[in-house]
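K.L.:
Sequence first, predicted model second:
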Amino acid sequence: MITSTTKLLGVIGYPIEHSLSPVMHNAALKNLGLDYDYRPFLVKPEDLETELTGFAAIGLRGFNVTIPHKQAILPFLSEVSLTAQAVGAVNTVWRTGNGWAGTNTDVEGFLAPLQTYDYDWSQTVAVILGNGGAARAVVQGCAQLRCAEIHVVGRNQLNLETFLNSWANSPLAVKLRVHSQEELPLLISQANLLVNTTPIGMHPNVESPLSAAQMANLPLTAVVYDLIYNPNLTQFLRQAQNQGNTTINGLEMLVQQGAAALKIWLQQDVPVDIMRQALINKMGKPSPPHSSGQRQL
Ligand code: NAP
């Protein structure tokens with residue numbers, strides 16, 4: 001029950017009605033028995049600054065940030081973590097004595113399933129499909145894994161160059177190269193980690209960013225990661241599984257970025273299993289991660 005003492009958390013976006021964050025966070029808050037409520041807030045781009053003042057006035061403890069505010073919110077924050085500065089986007093905000101502070105937990109979310117494998121990522125070549133907002137967190141994650149090479153492949157040369165240039169003053173070292181799609185065959189044949197950050201394959205679309213012939217060039221020891229979580233088995237992951245590659249879908253990234261945000265707001269451990277289960281209940285049961293069993297990751 002919400003009362004005058006209930007503490008508020010939330011997520012801002014435009015649109016916001018499809019966000020799964022309230023389901024995941026409210027399940028955790030209920031499990032912890034805390035007098036908190038997590039709500040979706042529809043915030044128009046032109047209202048962002050005013051809304052932040054209003055959130056402070058009503059005592060909002062913190063909030064997640066989604067499209068289109070992840071970059072736009074930066075000038076209104078009094079403190080931005082090194083990770084968020086490097087990524088150039090914020091997805092988690094909390095109140096401090098000096099105003100709002102922000103960080104980016106998508107990097108931690110992306111890394112979480114990869115870090116469950118006992119594997120030296122420093123010898124690996126990462127190939128990332130797409131150069132949008134999520135690709136930024138993935139590049140930063142691959143840099144933190146100390147991947148030997150990070151290659152980003154896109155369809156628009158201007159966007160690729162803007163993406164590359166935006167890392168020039170990154171506070172964290174990132175060794176990055178960008179490529180047009182014509183270079184895919186050679187890159188795929190060298191990849192140890194292949195990540196789809198484009199929305200190709202997202203429900204209700206059933207396409208893959210790679211043709212079957214392109215996927216066939218991938219070494220069988222490569223890990224294939226799709227950030228998409230709906231459907232849980234995209235055509236991209238299905239192609240990879242069919243030829244025996246280890247695959248990871250986007251559900252765990254979604255869970256872990258949320259858990260990392262909730263930990264920041266509550267300053268305590270949070271029930272990650274409850275958060276994962278709440279999402280699965282909402283979306284339907286996912287396929288288990290698939291392992292080729294061909295190498296110990
Ligand atoms: P975004 O900023 O719009 O970027 C999308 C990227 O994909 C852009 O580089 C775009 O290319 C490229 N792209 C789009 N359609 C394409 C097509 N038909 N062919 C080739 N390239 C195409 O979106 P985002 O925020 O990065 O999100 C991307 C995906 O990641 C979405 O499916 C989202 O649900 C998922 N995601 C998942 C999580 C998670 O927690 N699992 C977190 C964040 C995002 P251009 O630059 O040329 O336009």
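P.N.:
Structure's in. What do you need?
K.L.:
Would it be right to say that Y38 lies in a strand?
P.N.:
Yes - using DSSP: H, G, I helix; E, B strand; the rest coil, the secondary structure at Y38 is a strand.
K.L.:
contacting residues for it?
P.N.:
With contacts defined as CB atoms under 8 Å, 6 or more residues apart in numbering, Y38 is in contact with 8-11, 21-22, 25-26, 29. In short, each C-beta sits where N, CA and C put it, glycine included.
K.L.:
Residue nearest the middle of this structure, spatially speaking?
P.N.:
D106 (3.8 Å; CA atoms, centre = their mean).
K.L.:
Spatially nearest residue to the closest residue to the ligand within the chain (excluding sequence neighbours)?
P.N.:
When scored by CB to the nearest ligand atom, the chain has G132 as its residue closest to the ligand, at 1.7 Å. Using CB to CB, 6 or more residues apart in numbering and skipping the chain neighbours, the partner closest in space to G132 is T197 (6.5 Å).
K.L.:
Give me the distance between the one you found and Y38.
P.N.:
T197 sits 26 Å away from Y38, going by CB to CB, to the nearest Å.
K.L.:
Same question for V206.
P.N.:
V206 sits 32 Å away from Y38, going by CB to CB.
K.L.:
again with Q239
P.N.:
Applying CB to CB to Q239 and Y38 gives a distance of 37 Å.
K.L.:
Show the residue spans covered by the strands in the stretch 1-150 of the chain.
P.N.:
Using DSSP state E, counting those that start in this stretch, the strands found in the stretch 1-150 of the chain span residues 7-13, 36-42, 62-65, 79-80, 92-96, 99-103, 125-129, 149-154.
K.L.:
So what touches stretch 10-18?
P.N.:
Applying CB under 8 Å, 6+ apart, the contact partners of stretch 10-18 are 19, 21-22, 38-45, 48, 51, 60, 63-69.
K.L.:
returning to what we had before: out of the contacts of Y38, which are buried?
P.N.:
8-11, 21-22, 25-26, 29 (16 or more other CB atoms under 10 Å).
K.L.:
Including distance to the ligand and pLDDT, could the residues you listed go into a markdown table?
P.N.:
A markdown table is the format used below for the buried ones among the contacts of Y38 (distance: CB to the nearest ligand atom, whole Å; pLDDT from 0 to 100):
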| residue | distance to the ligand | pLDDT |
| --- | --- | --- |
| L8 | 23 | 97 |
| L9 | 18 | 98 |
| G10 | 18 | 98 |
| V11 | 13 | 98 |
| S21 | 10 | 97 |
| P22 | 15 | 98 |
| H25 | 14 | 98 |
| N26 | 18 | 98 |
| L29 | 20 | 98 |
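K.L.:
residues near the residue lying closest to A134 once chain neighbours are set aside, how many?
P.N.:
Take A134 and drop its neighbours on the chain: the residue closest to it by CB to CB, 6+ apart is T197, 4.5 Å away. By other CB atoms under 10 Å, the residues close to T197 number 26.
K.L.:
For T197, give me its contacts.
P.N.:
Contacts of T197 by CB under 8 Å, 6+ apart are 128-132, 134-135, 138, 227.
K.L.:
what does this structure have sitting close to the ligand?
P.N.:
106, 109, 130-135, 154-156, 159, 197-200, 202, 227-229, 250, 253-254, 257 (CB under 6 Å from any ligand atom).
K.L.:
ok, now with 8 Å
P.N.:
Applying CB under 8 Å from any ligand atom, we find that the chain lies next to the ligand at 67, 106, 109-110, 129-137, 154-156, 159-160, 163, 181, 196-202, 209, 227-230, 250-254, 257.
K.L.:
Now the buried members of these.
P.N.:
Among the residues of the chain next to the ligand, the ones that count as buried by 16+ other CB under 10 Å are 106, 109-110, 129-131, 133-137, 154, 160, 163, 196-198, 200-202, 209, 227-230, 250-254, 257.
K.L.:
Narrow those residues to those in helices?
P.N.:
The helices, defined by DSSP state H, take in 106, 109-110, 133-137, 160, 163, 251-254, 257 from these.
K.L.:
which among these gets closest to R177?
P.N.:
Proximity of those to R177 (CB to CB) peaks at L160, which lies at 9.9 Å.
K.L.:
can I assume the closest one is in contact with H151?
P.N.:
No - the pair L160 / H151 is not scored as a contact, 11.0 Å apart, by CB atoms under 8 Å.
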